[in-house]
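J.: need a structure here:
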Amino acid sequence: MTEQEWLNLRNGTDVRGTAIAGVDNDPVTLTDEAVVGICKAFCVWVSEKTGKLPTVAVGHDSRLSAERISALAAEAIASCGGNVVLTGLSSTPSMFMLLQDGFGADASIMITASHLPYQKNGLKFFLKEGGLEGEEVKQVLLLASAGVFPVGRGEITKKSYLKQYAANLVEKVRRACGEEQPLKGKRILVDAGNGAGGFYAEDVLKPLGADTTGSQFLDPDGSFPNHIPNPENAAAMQSVCDAVRKNRADFGVIFDTDVDRAGAVAPDGREINRNRLIALISAILLEERKGAYIVTDSVTSDGLTEFIKARGGVHHRFKRGYKNVINESKRLNAAGVDSPLAIETSGHAALRENYFLDDGAYLVTRILISLADCAKRGKNLLDLIADLPMPAEAAEFRLHFTPGCDFRTLGARLIEELKERVPETEGLSLAPNNYEGVRINFDREHGDGWALVRMSLHEPILPVNAESNVAGGNRVIVAKLYELLKDVSFLDSECLKKF
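T.: The predicted structure follows:
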């Protein structure tokens, strides 16, 4: 493998690639050679950080390639002198939490590719201080490319942690509620999408007294035979919403494959996702911390801003990417600003009280504490977001750059040009305090809403989000956007024209 081929495996703060052959135009890139080299390099990198040969915990979700990659990772680390603890089926958050819980590991690797198709897989890396940043993953890949590793013989053992992780969540709820079974009398169902999240029904909800009738797809199956385990996927959300209605549940929960994201469902079968999920956890936290800053990604609605402000909080929009919002919230806290939550519309939510770890199970647990408290007081959890202003219309578009062009340079230049042109366009204005792309406000005569034009984090695509407060408003907004973009030679804006 060339140095660039190693570096091509980096996806933000993770390593990702194709691990199973057989899908057209998708050759295997996460080969045995790649897995072994990366895991040896991580062992060396951790050793340099800690000054000793490390003990590395290795876990995985339900993917079909997980066992193969796990075995390769263990042998690679042991061959460098490191010790390995194989934790088996795990959630990504649990692989960080075991480093805080006296498990005996110095670092950990989670084998997962989140919600991507079955043939994909990847590696996430943790130290006790947190997940590796993108530049640190790059350092590991460069070490793998160099291929110079020590020779030793560490031990490989097996020890699960997931049940202890679940027990810790149960204890948190019991302490907060002052009861052994605060969810008794509540029917709460879980949709794990055949990922790693099935434990939540059996090991968290049942000990707390919940009736989990109607829970579905709890068994791990990396072929994902029922639906993609992804709270943002329309079919997945429809499935869990239908299950809540059918089983007359009081609450529904859906996890992604590795349980670092979650969505929820109200008793009437309506999804609590994206802005509604952010509003719900924000309302819970703002009851405790007036004046707190809620950090979100850039595509959240103006209605959410109003909602947070009405509860005495400050909505701080930042860049897309869960690491971006987490690091921004950390930065605010370091500067003396109270920021207890960093959350993306995708369902990645990280609370300061939980190491700023994006943890879907912890997010749901925090909400269920509030659900139990509301029930005790004769209130409805959903009353907390009853006044959230919702847009009349919302749409997302993906505008593709001409293949082979320098899309990063051209896209950055286009966004700067839009910032100059928007103030000169009737009915349009630039939104203040914007940290990503260009966010455009449209007045009542020109669509009554907003649009965000930004660069994709990884692909040659210009995503566009639009929301309007009135029926038919998005047609006006999108037509205006098309006028601004139609003459850009390196961009395909036909999807705006057809809308």
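J.: count the neighbours of E133 for me.
T.: Neighbour count of E133, defined by other CB atoms under 10 Å: 14. The C-beta positions use only the backbone N, C-alpha and C, and glycine is treated the same way.
J.: please apply the same query to G437.
T.: The number of residues near G437, taken as other CB under 10 Å, comes to 25.
J.: how about it, what does it touch?
T.: By CB atoms under 8 Å, 6 or more residues apart in numbering, the residues touching G437 are 298, 415, 452-455.
J.: can you put the residues you listed in JSON lines and add distance to A113?
T.: Formatted as JSON lines, these follow (distance: CB to CB, whole Å):
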{"residue": "S298", "distance to A113": "24"}
{"residue": "I415", "distance to A113": "30"}
{"residue": "L452", "distance to A113": "27"}
{"residue": "V453", "distance to A113": "29"}
{"residue": "R454", "distance to A113": "24"}
{"residue": "M455", "distance to A113": "23"}
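J.: so which of those residues belong to helices?
T.: Cross-referencing the contacts of G437 against helices under DSSP state H gives I415.
J.: what's the ChimeraX line that selects buried ones from the contacts of G437?
T.: Of the contacts of G437, the buried ones can be selected in ChimeraX as follows, counting by 16 or more other CB atoms under 10 Å:
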select :298,415,452,453,454,455
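J.: and the furthest pair within the contacts of G437?
T.: S298 and I415 (12.3 Å; CB to CB).
J.: picking that back up, okay, the contacts of G437 in TSV with distance to G195 and pLDDT next?
T.: Written out in TSV, the entries for these read as follows (distance: CB to CB, whole Å; pLDDT from 0 to 100):
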residue	distance to G195	pLDDT
S298	27	95
I415	36	97
L452	30	97
V453	33	97
R454	29	96
M455	30	95
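J.: closest to Q4 out of the contacts of G437?
T.: For these, the nearest to Q4 is M455 (21.9 Å; CB to CB).
J.: any common contacting residues for S298 and I415?
T.: 437, 454.
J.: please report how far D221 lies from T257.
T.: Distance, D221 to T257, by CB to CB, to the nearest Å: 11 Å.
J.: neighbour count: these two, which is higher?
T.: Neighbours were counted for D221 and for T257 using other CB under 10 Å; T257 has more, 28 against 17.
J.: is that one in contact with A66, as I believe?
T.: No. Counting by CB atoms under 8 Å, T257 does not reach A66; the two are 10.5 Å apart.
J.: spatially central residue for this protein, please.
T.: Centroid-nearest residue in the chain, with CA atoms, centre = their mean: H348, separated by 3.2 Å.
J.: can you list contacts of stretch 289-299?
T.: By CB under 8 Å, 6+ apart, stretch 289-299 touches 278, 282, 285-286, 304, 308, 311-321, 324-325, 328-329, 332, 337-346, 434-437, 439, 452, 454, 465.
J.: what pLDDT is listed against E459?
T.: At E459, the pLDDT value in this model is 87.
J.: can you report how many residues lie near it?
T.: So E459, with other CB under 10 Å, has 12 neighbours.
J.: for T305, same thing?
T.: Neighbour tally, T305, other CB under 10 Å: 18.
J.: spatially nearest residue to it (excluding sequence neighbours)?
T.: H315 (4.3 Å; CB to CB, 6 or more residues apart in numbering).
J.: again with R274
T.: In this structure, R274 finds its nearest non-sequential neighbour in T345, 4.5 Å apart by CB to CB, 6+ apart.
J.: repeat that for S65.
T.: A19 (3.9 Å).
J.: and if you look at L363?
T.: That would be A349: by CB to CB, 6+ apart, it lies 4.4 Å from L363.
J.: list the contacts for W450?
T.: The contact partners of W450, taken as CB under 8 Å, 6+ apart, are 302, 431, 439-442, 466-467, 477.
J.: in helices, which of these appear?
T.: For those, the ones inside helices are 302, 477, with DSSP H as the criterion.
J.: I'd like to know which of the contacts of W450 are buried.
T.: For those, buried by 16+ other CB under 10 Å: 302, 431, 439-442, 466-467, 477.
J.: neighbours around K379, how many?
T.: If we define neighbours as other CB under 10 Å, then K379 has 13 of them.
J.: what's the distance between the closest residue to I477 other than its chain neighbours and V464?
T.: Spatial nearest neighbour of I477, chain neighbours left out: G447 (3.7 Å); criterion: CB to CB, 6+ apart. Using CB to CB, we find G447 at a distance of 13 Å from V464.
J.: higher neighbour count, the two?
T.: G447 (29 against 22).
J.: you'd agree that one is up against V476?
T.: Yes. Counting by CB under 8 Å, G447 does reach V476; the two are 3.8 Å apart.
J.: tell me the one among the buried ones among the contacts of W450 nearest to N11.
T.: Distance to N11 across these (CB to CB) is lowest for R439, with 26.0 Å.
J.: return the distance of the closest one relative to E483.
T.: 18 Å.
J.: could you give the separation of the longest helix along the chain from the chain centroid?
T.: Secondary structure of the chain read by DSSP H shows that its longest helix is helix 32-50. Centroid displacement of helix 32-50 relative to its chain, using CA atoms, centre = their mean, to the nearest Å, is 25 Å.
J.: tell me the buried residues in it?
T.: 34-47.
J.: just the residues contacting that helix, thanks.
T.: Identification of contacts with helix 32-50 by CB under 8 Å, 6+ apart yields 1, 6, 9, 15, 17, 53-54, 56, 69, 72-73, 75-77, 79-82, 106-107, 109, 123, 125, 127, 136, 139-141, 143-145, 147, 149-150.
J.: going through those, which ones are buried?
T.: Among these, those scoring as buried are 1, 6, 9, 15, 17, 53-54, 56, 69, 72-73, 75-77, 79-82, 106-107, 109, 123, 125, 127, 136, 139-141, 143-145, 149 (criterion: 16+ other CB under 10 Å).
J.: among these, name the ones in helices.
T.: Among these, the residues falling in helices (DSSP H) are 6, 69, 72-73, 75-77, 79, 136, 139-141, 143-145.
J.: just flag the most distant two among the residues you listed.
T.: Longest span within these, CB to CB: E75 and E136, 23.5 Å.
J.: about what we covered before: tell me the secondary structure for the residue nearest to R274?
T.: Three-state call for T345 (DSSP: H, G, I helix; E, B strand; the rest coil): coil.
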